[in-house]
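Undergrad: coords please:
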Amino acid sequence: MRDLKRQKKAPNKVRQNRRKKQKKTLNLRKILHRSLRVGVAVFSGALIIVGGFVAGQLLIASDLFRIDQVNVQGGERLNHRQIVALSDIQTGMNTFNLDLELIGRKIEGNPWVREARVQRIFPRQAEIQIRERKPVAIINLGYLYYLDDHGEVFKVLDADDQLDFPIITGFDYQKIERRDRQYAGDLKSIVELLADLRQRGKFKLSQISEIHRETSGSFALFTVNGAVKVKLGRDNFTEKLDRLERIYTQLQPRLPILDYIDLNVNEKVIVRIERSAKAARG
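TA: Residues are numbered from 1 along each chain as shown. Next up is the predicted model:
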């Protein structure tokens, strides 16, 4: 027998039906229309920005913002005219041309001015607010200077300045100029001492002629009557002065013959009466 091999027929490959994509034709009219709209929007925006800028510049440069009034607050030692002169603000200046920080520094260049603040008040005004220094004593540093209520040396005295303040002595000019920390603390302590004396009823500020800083750093007061030295030390001024006030009415008539009063011993007032006749007359 003859084996007959059946030849298998290869299956017919079925061609897949591919859907042909049709190329879309460009709609040039639509693209041009859209581009035209974008271009018009961009141009309009730029025109608005430029127009706004030009209009703003014209408005700023107009007479609407030219200074016609300068208000001043806080001046006592310095009057309105002096403060405005320090500021260099002139009528007719454009308010937007004012450098407020620079003007403030100019005003603070005057020794009487502790702080100056400048602001615009639209449309045509400027306002200057100042805080002046308040002198509480005169300090002798070779020349006489004012000491303010913050413990800062700020002005050489001239012929027009008042002299009815206690004198502070015993400080070195060079250390003051270098802003020595120990000196700065001592001057603030003196300011506190002056404030204490100012509110007392018996041993008060008007009875003090001088506050002296010893080389040791301790403080001493000198009375107007008799120039009696009152030794205070460096601390607890209030408690020590309270102790002195309790007997000061009895001591007051004897001041011309007293050598010193020492308040540095706890709960005591030590009085030295021995004094030369020459010193007593002085």
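
Undergrad: Around the residue nearest to Tyr183 when sequence neighbours are not counted, how many other residues sit close by?
TA: Nearest non-adjacent residue to Tyr183, counting by Cβ to Cβ, 6 or more residues apart in numbering: Lys175, 5.1 Å away. Glycine gets a C-beta too; all of them are placed from N, C-alpha and C. A count of nearby residues for Lys175, using other Cβ atoms under 10 Å, gives 14.

Undergrad: cool, Ala159 as well?
TA: Ala159 has 4 neighbours, counted by other Cβ under 10 Å.

Undergrad: wait, is it part of a helix?
TA: No. Ala159: not assigned to a helix; according to DSSP: H, G, I helix; E, B strand; the rest coil it is coil.

Undergrad: what about the helices in the stretch 1-150 of the chain?
TA: Taking DSSP state H, counting those that start in this stretch, the helices of the stretch 1-150 of the chain run over residues 28-60, 80-87, 100-108.

Undergrad: Following the record's annotation, map out the domains of the chain.
TA: As assigned by automatic domain parsing, the chain contains the domains 63-132, 135-281.

Undergrad: Can you add distance to Ser35 and mean pLDDT and give those back as TSV?
TA: Shown next, in TSV, are those (distance: least, Cβ to Cβ, whole Å; pLDDT from 0 to 100):
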stretch	distance to Ser35	mean pLDDT
domain 63-132	41	95
domain 135-281	70	93
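
Undergrad: Same list, these, but as TSV with distance to Val42 please.
TA: Output for these, formatted as TSV (distance: least, Cβ to Cβ, whole Å):
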stretch	distance to Val42
domain 63-132	30
domain 135-281	60
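
Undergrad: so what's Ile167 closest to, chain neighbours aside?
TA: Excluding its sequence neighbours, the residue lying closest to Ile167 (Cβ to Cβ, 6+ apart) is Glu210, at 4.7 Å.

Undergrad: Walk me through which strands the helix or strand hosting the one you found pairs with, and which way each runs.
TA: According to DSSP states H and E, Glu210 maps onto strand 208-213. According to DSSP bridges, strand 208-213 forms sheet pairs with strand 167-169 (parallel), strand 219-223 (antiparallel).

Undergrad: what residues does it touch?
TA: When contacts are defined by Cβ atoms under 8 Å, 6 or more residues apart in numbering, strand 208-213 is touched by residues 137, 166-171, 186, 190, 193-194, 197, 219-224, 227.

Undergrad: what do you get for stretch 158-173?
TA: The contact list for stretch 158-173, computed with Cβ under 8 Å, 6+ apart, reads 135-142, 146-147, 155, 157, 183, 186-187, 190, 194, 205, 208-215.

Undergrad: tell me the most buried of the strands paired with strand 208-213?
TA: Compared across those, strand 219-223 shows the largest average neighbour count, a mean of 21 (mean count of other Cβ atoms under 10 Å).

Undergrad: just checking, what packs against the helix or strand that that strand is followed by?
TA: For strand 219-223, the succeeding helix or strand toward the C-terminus, using DSSP H and E, is strand 229-233. When contacts are defined as 3 or more Cβ pairs under 8 Å, 6 or more residues apart in numbering; DSSP states H and E, strand 229-233 packs onto strand 219-223, helix 237-251, strand 260-262.

Undergrad: Might you calculate how far stretch 78-93 sits from the centre of the chain?
TA: Counting by Cα atoms, centre = their mean, to the nearest Å, stretch 78-93 is centred 21 Å from the centre of its parent chain.

Undergrad: Only the buried residues of that stretch, if you could.
TA: Using 16 or more other Cβ atoms under 10 Å as the burial criterion, the residues of stretch 78-93 that qualify are Leu78, Ile83, Val84, Leu86, Ser87, Ile89, Met93.

Undergrad: Pull the most distant pair out of those.
TA: Across the buried residues of stretch 78-93, the longest distance by Cβ to Cβ is 21.0 Å; it joins Leu78 and Met93.

Undergrad: circling back to that earlier point, and which of the buried residues of stretch 78-93 is nearest to Asp63?
TA: For these, the nearest to Asp63 is Met93 (11.7 Å; Cβ to Cβ).

Undergrad: OK, contacts around the closest residue to that closest one other than its chain neighbours?
TA: Of all residues not flanking Met93 in the chain, Ile67 sits nearest, at 4.9 Å (Cβ to Cβ, 6+ apart). With contact set as Cβ under 8 Å, 6+ apart, Ile67 has these partners: Ile89, Gln90, Thr91, Gly92, Met93, Asn94, Thr95, Leu98, Arg124, Gln125, Ala126.
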